[in-house]
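Colleague: Turn this into a structure:
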Amino acid sequence: MLSSQRPAPAWLGPLSRLSIGTRIFLILLVALLPLAIGTLVATRSLTHAANQDRTRLLQKNVDDAAGRLGNAIRSDLAVIGSAASQIALGEDPATVCKTLNNQLGPGQTRFSALLYASGTGAPQCQIGAETRVLRAAGQRLGQPGTQLVSKPNGVVFAVRGRISAARAFAFYPADSLFRLADPVDDVPLSQFELRDQSGVLALTTIPAPWNKRLNALMTASRDVNGLSLDLRHVQQKRSPPELWAQVIPFITIFVAAIIGWLVVSRMLIKPLTQLQHKIRQYETGTQLTPMNRTPFNASEIEELDTGFVMLAHKVALDRDALDVGLKQQILLTREVHHRVKNNLQIVASLINLHARTADSQPAKLAYGKIQRRVDALAVVHRNHFAETEHNAGINLRALVGELAGSFEHHDGDSAVPATIDIDNIQVSQDVGVPIAFLLTEVLELIHLTMPDAPVRISAKPLPDDPQRITLRIASPALGPNETLEALLADGIDRVITGLARQLRAPLERDTAFECISIAVPVFVEARV
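Modeller: Numbers count the residues shown, from 1 in each chain. Below is the predicted model of the structure:
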């Protein structure tokens with residue numbers, strides 16, 4: 001038992017209407033898309049990890065720079081604070097100042113300082129070049145702390161010594177602070193800054209147009225004597241290599257799908273389409289030529305095409321042989337029917353000779369019946385293959401016309417008048433023989449009952465079955481009369497009933513309408 005085929009999902013409907021090449025292209029895209037997505041995820045993960053490593057390195061650089069800067073400033077402030085305490089304790093300011101310069105090193109220029117022994121009065125020691133910024137800070141800063149100075153750019157640090165009256169002020173220029181921080185990595189497009197609550201001091205500067213691009217801020221984790229060390233830099237966007245690394249997988253997939261589609265279309269679909277067109281256009285006897293062999297065509301399809309061409313050639317040869325054999329068979333069959341018809345006519349002639357020499361009227365009537373039945377069979381064979389070279393059946397109108405015209409009165413008068421209403425209808429020989437005998441019997445009944453009665457023979461298709469017709473014989477002789485009933489009871493009824501049984505249809509007699517009818521099949525030509 002064959003299982004019913006499950007219907008395809010509805011969403012596959014649009015896909016099935018696409019060409020095979022387009023479907024292969026889409027299938028390759030869908031199949032390779034996970035690889036592209038995986039490659040993209042891996043690339044983004046590597047890029048993210050690299051960015052995190054870069055961020056960690058920058059943070060370490062800023063933290064180390066803040067540590068170095070803070071240590072250097074605290075060391076300097078401790079030294080000058082101690083020297084200010086010594087002066088406050090009564091030591092010679094000149095001696096302490098000289099010793100301090102020697103301790104800081106000859107020619108140091110990283111900062112300048114003023115040392116005070118008390119809260120009032122002039123400074124007792126000067127380190128480096130005196131600036132008005134230091135004197136202003138000495139008057140303003142009474143407590144240890146820091147002050148960002150814009151002109152000149154730098155920072156003023158205030159520190160107290162061990163003696164509360166001793167105090168010192170140190171000024172560090174911005175470039176000196178940057179050298180003390182000494183960042184290890186030179187970050188392009190970046191700017192170091194010291195920041196407090198009141199403002200920001202840039203340790204390095206970049207051109208103003210580039211300054212607008214500083215979109216990232218990194219702050220040291222430790223402060224520098226109360227100041228925060230910041231690194232403002234440009235957050236790197238995706239570089240062209242990174243973008244290419246993310247786009248290339250998808251481009252690769254698209255190119256691979258196109259290459260796959262081209263290969264399949266060129267090697268498979270195109271030769272298959274040519275073969276399909278050749279098969280559709282093929283008709284028996286058509287001379288076919290193999291497709292052109294190219295390096296791109298699949299060898300299997302070329303071999304299949306060659307096999308189809310060879311098969312078509314063999315079919316053409318076999319068809320020619322069959323046509324020759326069929327023509328010979330038709331000629332032989334026509335000859336057989338012609339010889340049978342001639343033999344039947346010879347038999348009918350012999351019967352006619354014996355009928356002429358018969359001594360009694362019943363014998364002559366018996367010979368006449370036999371002769372008419374032999375003539376009816378001869379008419380069937382004569383109309384078989386009558387007009388065509390192939391078996392198209394027996395023309396019913398011609399058959400009925402010959403049978404009706406063969407009845408003549410024994411006294412030599414004209415034939416029984418008969419009207420034939422039959423279209424161009426064909427019947428087979430198996431149907432034509434019983435019809436010929438049946439017509440002969442019925443016409444003989446009419447002739448014996450009412451020799452001068454008109455006869456109407458018709459054949460019409462059945463309304464509900466176009467493959468069958470109703471053969472109808474109408475005559476006043478077929479109405480109610482004693483002569484007809486006597487003839488039927490004499491054995492003719494059994495003969496007619498037997499012929500109807502051969503036609504496998506009931507014989508209907510309607511005395512009211514004075515007719516006999518029977519349904520018979522028409523000839524259907526066999527399809528080759």
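
Colleague: Surely L32 is in contact with I258?
Modeller: No. The criterion here is C-beta atoms under 8 Å, and L32 misses it with I258 at 11.5 Å. C-beta coordinates here come from the backbone N, C-alpha and C atoms, glycine included.

Colleague: Show me which of these two is the more surrounded one.
Modeller: The residue with more neighbours, out of L32 and I258, is L32; 18 against 13, by other C-beta atoms under 10 Å.

Colleague: quick one: the nearest residue to that one once chain neighbours are set aside from S190, how far?
Modeller: Setting aside the residues directly before and after it, L32 is nearest to I253 in space (C-beta to C-beta, 6 or more residues apart in numbering), at 4.3 Å. Distance, I253 to S190, by C-beta to C-beta, to the nearest Å: 39 Å.

Colleague: cool, A505 as well?
Modeller: On the measure of C-beta to C-beta, A505 and S190 end up 112 Å apart.

Colleague: before we move on, what about T357?
Modeller: T357 is 146 Å from S190, by C-beta to C-beta.

Colleague: Between these two, tell me which one has more neighbours.
Modeller: Using other C-beta under 10 Å as the criterion, T357 and S190 rank with S190 on top: 20 against 9.

Colleague: For Q246, see how far away the nearest residue to that one once chain neighbours are set aside is.
Modeller: Nearest non-adjacent residue to S190, counting by C-beta to C-beta, 6+ apart: H233, 3.9 Å away. Distance, H233 to Q246, by C-beta to C-beta: 24 Å.

Colleague: Might one say that N101 is in contact with I127?
Modeller: Yes. Here N101 reaches I127: they are 6.7 Å apart, a contact under C-beta under 8 Å.

Colleague: now the helices: where do they sit in the protein?
Modeller: Counting by DSSP state H, the chain has these helices, from start to end: 13-16, 20-88, 93-104, 132-140, 174-181, 208-211, 240-264, 270-281, 299-356, 361-383, 396-405, 429-449, 482-487, 493-502.

Colleague: Now do the strand ranked longest in the chain and helix 396-405, the angle between them.
Modeller: In the chain, ranked by residue count with DSSP state E as the criterion, the top strand is strand 465-474. If you take axes from the mean of the first three to the mean of the last three C-alpha atoms, to 10 degrees, strand 465-474 sits at 10 degrees to helix 396-405.

Colleague: Can you list the neighbours in contact with strand 465-474?
Modeller: Contact partners of strand 465-474, identified using C-beta atoms under 8 Å, 6 or more residues apart in numbering, comprise 396, 425, 435, 439, 442-443, 455-462, 513-522, 524.

Colleague: what's the distance between that strand and the middle of its chain?
Modeller: Centroid displacement of strand 465-474 relative to its chain, using C-alpha atoms, centre = their mean, to the nearest Å, is 56 Å.

Colleague: so what strands line up beside it?
Modeller: Strand pairing for strand 465-474, determined by DSSP bridges: strand 455-462 (antiparallel), strand 515-521 (antiparallel).

Colleague: so how far is the first residue of stretch 260-269 from its last?
Modeller: Length of stretch 260-269, first residue to last, C-alpha to C-alpha, to the nearest Å: 12 Å.

Colleague: tell me which residues of that stretch are tucked away?
Modeller: Neighbour counts over stretch 260-269 (16 or more other C-beta atoms under 10 Å) mark G260, W261, V264, S265, M267, L268, I269 as buried.

Colleague: try stretch 359-379
Modeller: By 16+ other C-beta under 10 Å, the buried positions in stretch 359-379 come out as 364, 367-379.

Colleague: would a markdown table of these with pLDDT and distance to I330 be doable?
Modeller: Supplementary listing: these in a markdown table, determined by pLDDT from 0 to 100; distance: C-beta to C-beta, whole Å:
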| residue | pLDDT | distance to I330 |
| --- | --- | --- |
| K364 | 72 | 41 |
| Y367 | 72 | 36 |
| G368 | 73 | 36 |
| K369 | 75 | 35 |
| I370 | 78 | 32 |
| Q371 | 72 | 31 |
| R372 | 75 | 30 |
| R373 | 76 | 28 |
| V374 | 76 | 26 |
| D375 | 76 | 26 |
| A376 | 76 | 25 |
| L377 | 74 | 21 |
| A378 | 76 | 21 |
| V379 | 76 | 21 |
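
Colleague: Redo the residues you listed as JSON lines? Include distance to D53.
Modeller: Below are the buried residues of stretch 359-379 laid out as JSON lines (distance: C-beta to C-beta, whole Å):
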{"residue": "K364", "distance to D53": "133"}
{"residue": "Y367", "distance to D53": "128"}
{"residue": "G368", "distance to D53": "127"}
{"residue": "K369", "distance to D53": "124"}
{"residue": "I370", "distance to D53": "123"}
{"residue": "Q371", "distance to D53": "123"}
{"residue": "R372", "distance to D53": "121"}
{"residue": "R373", "distance to D53": "118"}
{"residue": "V374", "distance to D53": "118"}
{"residue": "D375", "distance to D53": "118"}
{"residue": "A376", "distance to D53": "114"}
{"residue": "L377", "distance to D53": "113"}
{"residue": "A378", "distance to D53": "114"}
{"residue": "V379", "distance to D53": "112"}
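
Colleague: ok, the residues you listed vs N215, which is closest?
Modeller: V379 (113.9 Å; C-beta to C-beta).

Colleague: quick one: contacts for that closest one?
Modeller: L399, E402, L403, S406, A436.

Colleague: Going through those, which ones are buried?
Modeller: Buried among the contacts of V379 (16+ other C-beta under 10 Å): L399, E402, L403, S406, A436.

Colleague: Any idea how many residues pack against the closest residue to L445 other than its chain neighbours?
Modeller: Nearest residue to L445, sequence neighbours excluded (C-beta to C-beta, 6+ apart): L487, at 5.8 Å. When neighbours are counted by other C-beta under 10 Å, L487 registers 17.

Colleague: Might one say that L487 is in contact with I446?
Modeller: No. Contact between L487 and I446 fails when scored by C-beta under 8 Å: they sit 10.2 Å apart.

Colleague: which residues touch the residue lying closest to A505 once chain neighbours are set aside?
Modeller: The shortest distance from A505 to any non-neighbouring residue, by C-beta to C-beta, 6+ apart, is to A519 (4.7 Å). Listed by C-beta under 8 Å, 6+ apart, the contact partners of A519 are L462, R468, I469, T470, L471, A505.

Colleague: same thing but at 7 Å, please
Modeller: By C-beta atoms under 7 Å, 6 or more residues apart in numbering, the residues touching A519 are L462, R468, T470, A505.

Colleague: Looking at the residues you listed, spot the one nearest K341.
Modeller: Using C-beta to C-beta, those come closest to K341 at A505, 26.9 Å.

Colleague: so who does that closest one touch?
Modeller: Residues counted as contacts of A505 (C-beta under 7 Å, 6+ apart) are I518, A519, V520.

Colleague: beta partners for the second one?
Modeller: In other words, A519. T470.

Colleague: give me the low-pLDDT residue ranges for the stretch 401-528 of the chain?
Modeller: Counting by pLDDT under 70, the stretch 401-528 of the chain has low-confidence residues at 408-417, 524-528.

Colleague: Sweet, I'm off.
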